[in-house]
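>>> what shape does this take:
(one chain, ligands or ions: 1)
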Amino acid sequence: MSETSLQFSFWTLGLIATIVVLTVYFQFFRYNARTAEAAPTILTSIGIFGTFLGVAIGLSHFDTQNLQESVPQLLGGLKTAFWSSIAGLLGALSIKFRAVMNVTHGEEHHQRTASIDDLNNVLQKIHTAFSEANEEAAQMFAQEKQESYRSLKLEGILEAPINLCITCDRSKAGPVVLGRTHIKTMDLYSSVCAVQNLWLAARAEGVGVGWMSIIKEEAFHSILGIPQEVVPIAYLCMGYVRHFNKKPELETANWRQRLPLSEQVFFDQWQHTKSGAEEGLIAELDLNADFPQKFINA
Ligand SMILES: Cc1cc2nc3c(=O)[nH]c(=O)nc-3n(C[C@H](O)[C@H](O)[C@H](O)COP(=O)(O)O)c2cc1C
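This is a model prediction of the structure:
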């Protein structure tokens, strides 16, 4: 390589520097899904601009009568064209490469539009995680209850038109949060209240909701990409149902019976059950234990 071939013109250096600075900016300060898509186009466009500029510079004073002086200038222009397009392509490739690696490592799932296949894949994985946990659960019960347990339908992951995972980002509101200064778990309770509100609203609209909780919590993190510091609160299977049961299913299946309300309500002190004046109130509560049923039958 001759000494002169290493000398770069102002234009070549300017274009290469622009491309390098932009590549570093996109890679280290501004990398996200939009950048991954737009940056390669920007970088190759600058490279192509350099190519045309170089050719234009090379030809601008080309004089066929004076080839001796014209050829070096033409070559200089071609060098600008060549190096700027190489720099643009390398910058674009580095960003494309990173995007491909991210997808391979599963980091970009949330950044691209999910296809039906992606959704199906996620649901199948959740269903498999449920099935594994459900079998473990069955074995935790006494032998004589296991058959009954296995006959229960405890999820609607694949049939429900909507699967909704509700989470609680415990650090979202900063280190000190009004209402959470002393009982730190309030954010979790609050999120559960949101679930209950959704459930009530859905039922009022005739939409069935099932809370699917037989699964290892870690499965939510790994399958749905939920960060470790965010708590998966509820996984709900929602949709219009053929009918609502008149009685809770676990009661019908003889799994467990409803506890008398009068034994669950205490007065003044823990374990103080009905006494004197409160007896009437408790009797009233017990009488209306099926209160919501009236709406279903109406
Ligand atoms: C915290 C919680 C967790 C639940 N986990 C499950 C579960 O894993 N599987 C299941 O079939 N039902 C579960 N249920 C019960 C059902 O989601 C729900 O009560 C049932 O579908 C009846 O719905 P309905 O009360 O709207 O009629 C859970 C309920 C609650 C409150």
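>>> how about the residues of the stretch 51-200 of the chain that lie near the ligand?
When proximity is defined by CB under 6 Å from any ligand atom, the stretch 51-200 of the chain lies next to the ligand at 154, 155. For the C-beta atoms, the positions are set from N, CA and C on the backbone; glycine is no exception.
>>> ok, now with 8 Å
Neighbours of the ligand within the stretch 51-200 of the chain, by CB under 8 Å from any ligand atom: 152, 153, 154, 155, 156, 192, 199.
>>> tell me which residues in the longest strand along the chain are buried?
Secondary structure assigned by DSSP state E gives strand 230-240 as the longest strand of the chain. Residues of strand 230-240 classed as buried: 230, 231, 232, 233, 234, 235, 236, 237, 238 (neighbour count, 16 or more other CB atoms under 10 Å).
>>> dump the residue contacts of the nearest residue to residue 12 once chain neighbours are set aside.
Nearest residue to residue 12, sequence neighbours excluded (CB to CB, 6 or more residues apart in numbering): residue 80, at 4.4 Å. Shown in contact with residue 80 (CB atoms under 8 Å, 6 or more residues apart in numbering): 9, 11, 12, 15, 50, 53, 54, 57, 58.
>>> where helices are concerned, which of those count?
11, 12, 15, 50, 53, 54, 57, 58 (DSSP state H).
>>> give the residue spans of the chain that score low on pLDDT.
By pLDDT under 70, the weakly predicted segments of the chain are 1-6, 103-112, 274-275, 291-298.
>>> recalculate using a threshold of 50.
1-3 (pLDDT under 50).
>>> most widely separated two among the ones in helices among the contacts of residue 80?
The most widely separated members of the ones in helices among the contacts of residue 80, counting by CB to CB, are 15 and 58 (14.2 Å).
>>> tell me how many other residues crowd the closest residue in space to residue 151 that isn't next to it in sequence.
Leaving aside its sequence neighbours, residue 151 sits nearest to residue 253 (CB to CB, 6+ apart; 7.3 Å). Residue 253 has 14 neighbouring residues, counting by other CB atoms under 10 Å.
>>> do residue 176 as well
Number of residues near residue 176 (other CB under 10 Å) recorded here: 7.
>>> how much space between it and residue 87?
50 Å (CB to CB, to the nearest Å).
>>> and residue 184, which of the three is it?
The three-state assignment at residue 184 reads coil, by DSSP: H, G, I helix; E, B strand; the rest coil.
>>> for it, give its distance to residue 147.
42 Å.
>>> repeat that for residue 25.
Distance from residue 25 to residue 147, by CB to CB: 64 Å.
>>> same deal with residue 188?
Separation of residue 188 from residue 147 (CB to CB): 35 Å.
>>> which of the two has more neighbours?
Between residue 188 and residue 147, counted using other CB under 10 Å, the more crowded position is residue 188 (15 against 10).
>>> sorry, back to before: now the residue nearest to residue 12: which helix or strand?
For residue 80, the host element (DSSP states H and E) is helix 67-104.
>>> continuing past that helix, what's the next helix or strand?
helix 116-140.
>>> ok, and for that next one, which residues are buried?
In helix 116-140, the ones that count as buried by 16+ other CB under 10 Å are 122, 126, 127, 129, 130, 133, 134, 137, 138.
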